[in-house]
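J.: Could you work out the structure for the sequence below:
(4 chains)
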2 protein chains.
Amino acid sequence: MTLYESSETCSYLSGSDAIKLLELIHKSLTCEMEDDFTALFPKIQELFPFKFALAMLGQQDNNGMIMLSGANISFPEQWLHESISKNYLQVDAVIKENFTTYEVQHWSVTRKKLFRREDINSLSQDFGMRECYTHGSRPSAGGQNGSMFCFSSTSMKYDMRTVAILEFLTPHLHLAFSHIFENKQAKVNNAVLSSREKEVLNWLKQGKSSWDISVILGISERTVNFHVYNVLQKLGATNRPQAVAVATRLGLIDIG
Amino acid sequence: MTLYESSETCSYLSGSDAIKLLELIHKSLTCEMEDDFTALFPKIQELFPFKFALAMLGQQDNNGMIMLSGANISFPEQWLHESISKNYLQVDAVIKENFTTYEVQHWSVTRKKLFRREDINSLSQDFGMRECYTHGSRPSAGGQNGSMFCFSSTSMKYDMRTVAILEFLTPHLHLAFSHIFENKQAKVNNAVLSSREKEVLNWLKQGKSSWDISVILGISERTVNFHVYNVLQKLGATNRPQAVAVATRLGLIDIG
DNA sequence: CACCCACCTGTAAGTAATGACAGGTGATAA
DNA sequence: TTATCACCTGTCATTACTTACAGGTGGGTG
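T.: A predicted model of the protein is given here:
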C-alpha cells in the first residue's frame, strides 16, 4: 500500500500547508498557458524550499519514455543543455524510476536504494543541485502521457511532510501541464490546414460525400476532391477514414 | 470578480477544513465507478451538514440543458420521481441559474434575487428540503458537459465558509463525475460492436483498405466489407469516415 | 514585378466502397 | 430442437474516391 491510499498522509501537513495546497490546486485548474503554470512555483516555494524546478511530459514507447515537452521553471540552462547533449535524461536512473513507479523520490534515497551509494553526478553538484525531490503522474484516462516534476536545491532533507505535499499536489500539476501541452499542440497543428480544408474535413466527419459538400459549400465537386487530396497529403493519410482519425487525434476537428 | 479569483476565499476555511478538502480532492482523482463517487459524500458531510445530495451532468443544447446522467446520492426517490414527472428539472429557475452562471447558489438567496420572495415549492418542503446549496462546473476543455451538485437539508444557513468549501471542491466533483459518466458510456457503447467489427474499425482508422484488412485478418475482402457494412448500420454512419468519427466519439476505438 | 499560396475548375483512368442479391458454419441459449 | 448471433463467403451494379494530367484568379510579400 502506497502513501496514496493511506489516510494518515495528511497528518504530516499543517492547516496552513493544506490551505496553501488548496489554493495551488485551485489555481492549477485554470492554467491555460505555460506562464500560468510557471506562476504556480513561487507558491510551491512557500510550502517547501527549493532553488530549481523542472517539469517534463513523456510518452510511453516500445523502447522507453519519449520526452514530449519540458518546462524549465528555474533549472540552469547549462545543466539542461549538458544533460540533454550527454543523453542523461534517457539513461538517468531516477527518471527511469519515476516513469516506472511514479512515486515520490528523493535523490539520495533512490540512489542508495538502486546503487547502494549516495553520491550524485558531478554535473549536478557543479550547479549546486546536491539534492532533489522528483514526483510524477502516470498516464491515465483522458491523457496518455506521464509526467515528472523535479525540485532541486543544495540541501533538502527527506521528510514526510514534503512527500505528503508532493503526493497531494503532483496529480494536479500533471493535469495542468498535460492540458497546457495539448493546448499548445492543438495550436501548432491548427496551422497545418487551411480554413477551407478544415471546413471540408468537418463535413467529411459528418458522413458527407464529395458531392454533398460541393452543394453545401457552393463549389464544384472537383474542388472538394482537390481540398480532400491536399488534406490527405498534409496529414500523411492514405484515405478519408484515416484523415478523420488523424485530424481528431491532432485536435484539428471537434470530437462532437 | 467572483470569489473564484479572490485570494481571500480560503480565509473562511480552517486548517482542518482544508485538510478534509485536500483528502476529498485526492480521493476524487481515483473515482472510477459511481460507488467511489458516492463514497465521497459522507466525507463532505464532515465539512458541512446536509441530509440530501444529488449530482447531475448535462449537455448544452440549442434549447437548453439536456440531462445526461444523474447520481442520486441521498435524495428521496419520490421527490426525484415527482420532479421529473412534473418536469421541474427542466423549468426550475435554480437549475437554469446554475447552468448559466455556474456560481454557488443558496436557494433562498437565489429565489429572493430572481423572484423577490423566498418561499420554496411545496414539494421540496414536504420532504424536509427547506434549504439547498447548489454548485456546478461549466463545460471545459476535455469535457463538453456541465454539472450541478445539490446539497439540501431542513435548514442551512448561508455562510461564506460553505461557499468557499463548494468553490474549492466542486470542480473536482465535476471532473470525477464526468470521468465516471464517460467510463459508463464507453462501457455501454463497447457492447454495441462485435470484437471483429472493432478490429476492422481499428484498421480502417489506420488508413487500410478493405483488401489490406482482408490480408491482415486472413479473411476475404467480401467479409471485411460485410463487417464494415454492419459497423455503418450499428453506428448510424453513412460511410467510413463518419464511422471512424462516431466510433472515436463513443470511445469505441483508441484515439492514438 | 515575380513569387507563393489559398482557392478554384476541368478531364480521365483506375481503384475502392456501397448496398443489394444469395448463401454456409459453429457456438450458445431458450 | 429451434433460434439467434457472430462470423464467414460469393456476385454484381452503382456510386464514390484517388490521383494523375491540365489550367485560372486574387491577395499578399520580398
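J.: who in chain A is up against DNA strand C?
T.: A:194-197, A:214, A:217, A:219-223, A:226-227, A:239 (C-beta under 7 Å from any atom of the strand). To be clear about C-beta, it is placed using only N, CA and C from the backbone, and glycine gets the same treatment.
J.: which residues touch residue A:31?
T.: Contact analysis of residue A:31 by C-beta atoms under 8 Å, 6 or more residues apart in numbering or on different chains lists A:37, A:40, A:176-177, A:179-180.
J.: Which of those residues fall in helices?
T.: A:37, A:176-177, A:179-180 (DSSP state H).
J.: Which of the residues you listed has the largest number of neighbours?
T.: Neighbour counts for those (other C-beta atoms under 10 Å in any protein chain shown) peak at residue A:177, which has 27 neighbours.
J.: Relative to DNA strand D, how far out is the residue lying farthest from the centre of chain A?
T.: Distance from the centre of chain A peaks at residue A:220, with 43.7 Å (C-alpha atoms, centre = their mean). Separation of residue A:220 from DNA strand D (C-beta to the nearest atom of the strand, to the nearest Å): 10 Å.
J.: hang on, isn't that residue packed against residue A:210?
T.: No - in this structure, residue A:220 is not within contact of residue A:210 by C-beta atoms under 8 Å, at 9.7 Å.
J.: re the thing from before, in space, what's closest to the residue farthest from the centre of chain A - neighbours in sequence excluded?
T.: Leaving out its chain neighbours, the residue that sits closest to residue A:220 by C-beta to C-beta, 6 or more residues apart in numbering or on different chains is residue A:214, at 5.8 Å.
J.: Please give the element, helix or strand, for the one you found.
T.: For residue A:214, the host element (DSSP states H and E) is helix A:210-217.
J.: Just the residues contacting that helix, thanks.
T.: Helix A:210-217 is contacted by residues A:199-200, A:203-204, A:208, A:220-221, A:223-225, A:228 when judged by C-beta under 8 Å, 6+ apart.
J.: For those residues, give me TSV that also has pLDDT and secondary structure.
T.: TSV is the format used below for the contacts of helix A:210-217 (pLDDT from 0 to 100; DSSP: H, G, I helix; E, B strand; the rest coil):
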residue	pLDDT	secondary structure
A:199	95	helix
A:200	96	helix
A:203	97	helix
A:204	97	helix
A:208	97	coil
A:220	94	coil
A:221	94	helix
A:223	96	helix
A:224	96	helix
A:225	96	helix
A:228	96	helix
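J.: Return the members of those classed as buried.
T.: Listed as buried from those are A:199-200, A:203-204, A:208, A:224, A:228; burial here means 16 or more other C-beta atoms under 10 Å in any protein chain shown.
J.: can you tell me which of those lies nearest to DNA strand D?
T.: Checking the buried ones among the contacts of helix A:210-217 against DNA strand D with C-beta to the nearest atom of the strand, the nearest one is residue A:228 at 4.9 Å.
J.: So what's the residue count around residue A:254?
T.: Neighbourhood size, residue A:254 [other C-beta under 10 Å]: 12.
J.: Tell me if it really is in a helix.
T.: No - counting by DSSP: H, G, I helix; E, B strand; the rest coil, residue A:254 is not found in a helix; it is coil.
J.: any idea whether the spatially most central residue of chain A is helix, strand or coil?
T.: The geometric centre of chain A, computed from its C-alpha atoms, lies nearest to residue A:57 (C-alpha atoms, centre = their mean), at 3.3 Å. Of the three states, residue A:57 takes strand under three-state DSSP.
J.: And for residue A:246?
T.: With three-state DSSP as the basis, residue A:246 sits in helix.
J.: Test my guess that it contacts residue A:238.
T.: No - under the criterion of C-beta under 8 Å, residue A:246 is not in contact with residue A:238, lying 10.3 Å apart.
J.: if we can go back for a sec, what bridges to the residue nearest to the centre of chain A?
T.: As for beta bridges, residue A:57 partners with residue A:69, residue A:147 under DSSP bridges.
J.: restrict the ones in helices among the contacts of residue A:31 to contacts with chain B.
T.: Here is what survives when the ones in helices among the contacts of residue A:31 are matched to chain B using C-beta under 8 Å from any C-beta of the partner chain: residue A:179.
J.: which of the ones in helices among the contacts of residue A:31 sit farthest apart?
T.: Distance extremes for the ones in helices among the contacts of residue A:31: the farthest pair is A:37 and A:179 at 9.1 Å, using C-beta to C-beta.
J.: now residue A:193: how far from residue A:216?
T.: 18 Å (C-beta to C-beta, to the nearest Å).
J.: the more surrounded of the two?
T.: Neighbour count, other C-beta under 10 Å: between residue A:193 and residue A:216, residue A:193 has more, with 21 against 14.
J.: Tell me the secondary structure of that one, please.
T.: Under three-state DSSP, the three-state class of residue A:193 is coil.
J.: residues in contact with residue A:172?
T.: Neighbouring residues of residue A:172 by C-beta under 8 Å, 6+ apart: A:24-25, A:28-29.
J.: just the helices in chain A please.
T.: A:15-28, A:34-38, A:41-45, A:77-85, A:88-91, A:93-101, A:107-115, A:122-126, A:160-190, A:195-205, A:210-217, A:221-235, A:240-249.
J.: Burial-wise, tell me which of those helices comes out on top.
T.: When you average the neighbours per residue for each of these (mean count of other C-beta atoms under 10 Å in any protein chain shown), helix A:240-249 leads with a mean of 24.
J.: Counting by contacts, list what that helix packs against.
T.: helix A:195-205, helix A:221-235, helix B:195-205, helix B:240-249 (3 or more C-beta pairs under 8 Å, 6 or more residues apart in numbering or on different chains; DSSP states H and E).
J.: what do you get if the cut-off is 10 Å, keeping everything else the same?
T.: Judged by 3 or more C-beta pairs under 10 Å, 6 or more residues apart in numbering or on different chains; DSSP states H and E, the packing partners of helix A:240-249 are helix A:160-190, helix A:195-205, helix A:221-235, helix B:195-205, helix B:240-249.
J.: Throw those into a markdown table and include distance to residue A:77, thanks.
T.: Below are the helices and strands packed on helix A:240-249 laid out as a markdown table (distance: least, C-beta to C-beta, whole Å):
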| stretch | distance to residue A:77 |
| --- | --- |
| helix A:160-190 | 20 |
| helix A:195-205 | 37 |
| helix A:221-235 | 34 |
| helix B:195-205 | 41 |
| helix B:240-249 | 40 |
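J.: Which of those helices sits closest to residue B:107?
T.: For these, proximity to residue B:107 was assessed by C-beta to C-beta; helix A:160-190 is nearest, at 31.3 Å.
J.: Okay, angle between that closest one and helix A:195-205 too, please.
T.: 100 degrees (axes from the mean of the first three to the mean of the last three C-alpha atoms, to 10 degrees).
J.: Near chain B, which residues of the stretch 51-200 of chain A? Just list them.
T.: A:59, A:137, A:140-144, A:164, A:167-169, A:171-172, A:174-175, A:178-179, A:182-183, A:186 (C-beta under 10 Å from any C-beta of the partner chain).
J.: do that again at 6 Å, thanks
T.: A:168, A:171 (C-beta under 6 Å from any C-beta of the partner chain).
J.: quick one: low-confidence parts of the stretch 51-200 of chain A?
T.: Within the stretch 51-200 of chain A, the ranges that satisfy pLDDT under 70 run A:90, A:116-123, A:141-142.
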